[in-house]
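Engineer: Here's a sequence, model it:
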Amino acid sequence: MESALKKIRRWLKARRLDALLVRGPENRRYLSGFTPPDTSITESSGCLLISHQSAYLLTDGRFIEEAKEILPPFVSIIYKKGVVRELARLVKKEGLKALAYEEDFVSCALKKALEAGLTGVRLVGCQGIIERLREAKTEEEIEKINRALKIAEDILRDIGQALKPGVSEKEIAWKIIEASFQRAEGPSFPPIVAFGENAARPHAEPSSRRLTLKDPIIIDMGVKFSGYCSDITRSYCLQPDDKYRHIYYLVAEAQETAQKAIKAKVPARVIDAAAREVIKKAGLGRYFIHSLGHGVGLAIHEAPAISSRCRRKLKEGAVVTIEPGIYIPDWGGVRLENMVVVRREEGLLLNRLPLTYQPL
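Structural biologist: Residues are numbered from 1 along each chain as shown. Presented below is the predicted three-dimensional model:
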């Protein structure tokens, strides 16, 4: 990602900063190819230090073998006395006086340690610098996302055969997780499986609730392929009544309307409004309780947000989800989610799995 490093260095120069400390796991991977994930904000696999002349990967002994695979311009360093001490050594070596850091990935405790350990260095918090670079995907990245989506759709098609009365949400979720590791690198997020009244919760956690014939069903899942994520939601009902069919077709219409509005330079909130207006006109606007979608890439949720609050214009090459939903307490819900590539004149739908309210 040589061009990304050049853009970062131009950003540093424009703000009279000497270097950028990168701790976000997806940002770290995007720039250097270093793949180990972080298990939490306090359990990091490493960081990058990018100055005007140099680029370093700093990690510990757990990741010696992975660090050997990192290619120039990055130089891998295995620290033995903690990352702050190693940063202090490099700061002195490079003569750094102003260091930017990612506010979203530096805890208060780490910031205090940096302030204490990097004497004479001005620390400047920043947000979204690398995330904005990741927003527009290359054709190679789009192909990886497309492969991840195809695997997810194949899994979801197979899962349809297991949706029979008496099966539990947890049993379906486990089948998704197992298949995700068998066919890909694993799930891109914990799968959402919700039956009946639980489907009124957009991010329901799988429970022991067992499926009945009349239950609305929501399944939201994805996998990772070469580090890139897919994200798909389908809604089903074994014996749908008129109410379910009406809501299903309404959500499908809202999704199609939004997808047709997608193209480069259109504000994200315009896409959100297109879907929301369809549901609002049907008198069910109060039951569409989340934003329309989000970007997908190395992270399952990344820029751009397809939301009523987002004024930013869509970039050509971005991959976004379009996922309208209606959620009615004590009844259930319907959500349909597709993935779309933003092109100059229109959106390119990546999904192949057809929309149907009965399992395939």
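Engineer: C-alpha from now on. contacts and neighbour counts both.
Structural biologist: Noted.
Engineer: Give me the contacts around the one helix or strand Leu110 maps to.
Structural biologist: Under the criterion of DSSP states H and E, Leu110 resides in helix 108-117. Contacts made with helix 108-117 from outside it, assessed by C-alpha atoms under 8 Å, 6 or more residues apart in numbering, are listed as Val84, Arg85, Ala88, Val121, Leu123.
Engineer: Listing partners with orientation, what would you give for the helix or strand following it?
Structural biologist: Note on helix 108-117: by DSSP H and E, the next helix or strand toward the C-terminus is strand 122-126. Partner strands for strand 122-126, per DSSP bridges, with pairing direction: strand 98-102 (parallel).
Engineer: avg pLDDT for the partner strand?
Structural biologist: For strand 98-102, the mean pLDDT works out to 98.
Engineer: Give me the residues contacting it.
Structural biologist: Contact partners of strand 98-102, identified using C-alpha under 8 Å, 6+ apart, comprise 16-24, 121-127.
Engineer: relative to helix 108-117, how tilted is it?
Structural biologist: Between strand 98-102 and helix 108-117, the angle formed by their directions is 170 degrees, by axes from the mean of the first three to the mean of the last three C-alpha atoms, to 10 degrees.
Engineer: export strand 98-102 as PDB, just CAs?
Structural biologist: C-alpha atoms of strand 98-102 as PDB (Å, rounded to 0.1, in the frame of the first residue of the first chain):
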ATOM      1  CA  ALA A  98       4.900  15.600  17.200                       C
ATOM      2  CA  LEU A  99       3.100  12.200  17.100                       C
ATOM      3  CA  ALA A 100      -0.400  11.600  15.900                       C
ATOM      4  CA  TYR A 101      -2.300   8.700  17.300                       C
ATOM      5  CA  GLU A 102      -5.700   7.000  16.500                       C
END
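Engineer: hmm, back to that, taking the contacts of helix 108-117 together, which two end up most distant?
Structural biologist: Arg85 and Leu123 (15.8 Å; C-alpha to C-alpha).
Engineer: re the thing from before, farthest-apart pair in the contacts of strand 98-102, please.
Structural biologist: Using C-alpha to C-alpha, the pair of the contacts of strand 98-102 lying farthest apart is Arg16 and Gly24, separated by 22.5 Å.
Engineer: more crowded one of these two?
Structural biologist: Gly24 (24 against 12; other C-alpha atoms under 10 Å).
Engineer: Do I have it right that the more buried one meets Glu103?
Structural biologist: No: taking C-alpha atoms under 8 Å as the contact criterion, Gly24 and Glu103 are not neighbours in contact, 9.6 Å apart.
Engineer: hang on, Asp154 in a strand?
Structural biologist: No: using DSSP: H, G, I helix; E, B strand; the rest coil, the assignment for Asp154 is helix, not a strand.
Engineer: Quickly note the distance from it to Ala179.
Structural biologist: According to C-alpha to C-alpha, to the nearest Å, Asp154 and Ala179 sit 10 Å apart.
Engineer: what about these two, which has more around it?
Structural biologist: In terms of neighbours (other C-alpha under 10 Å), Ala179 is the more surrounded of Asp154 and Ala179; the figures are 22 against 14.
Engineer: That one: what's its closest spatial neighbour, skipping adjacent residues?
Structural biologist: The shortest distance from Ala179 to any residue other than its chain neighbours is 6.7 Å, reached at Ile155 (C-alpha to C-alpha, 6 or more residues apart in numbering).
Engineer: ok, that neighbour - how many residues close by?
Structural biologist: 21.
Engineer: now do Gly125
Structural biologist: When neighbours are defined as other C-alpha under 10 Å, Gly125 has 15 of them.
Engineer: Let the chain start at 85 from now.
Structural biologist: Got it, the first residue is 85 from now on, which makes the last one we talked about Gly209.
Engineer: any idea of the pLDDT on it?
Structural biologist: The predicted structure scores Gly209 at 97 on the pLDDT scale.
Engineer: and it, what does it touch?
Structural biologist: Residues near Gly209 by C-alpha under 8 Å, 6+ apart: Ala184, Tyr185, Glu186, Glu187.
Engineer: Could you check how far it is from Leu104?
Structural biologist: When C-alpha to C-alpha is the yardstick, Gly209 and Leu104 sit 10 Å from each other.
Engineer: same check, this time on Ala232
Structural biologist: Summarising the geometry, the distance separating Ala232 from Leu104, computed by C-alpha to C-alpha, is 31 Å.
Engineer: what's in contact with whatever helix or strand Leu142 lives in?
Structural biologist: Leu142 is part of strand 139-143, with elements assigned from DSSP H and E. Residues lying outside strand 139-143 but in contact with it, judged by C-alpha under 8 Å, 6+ apart, are 116, 129-134, 151, 157-163, 167, 170.
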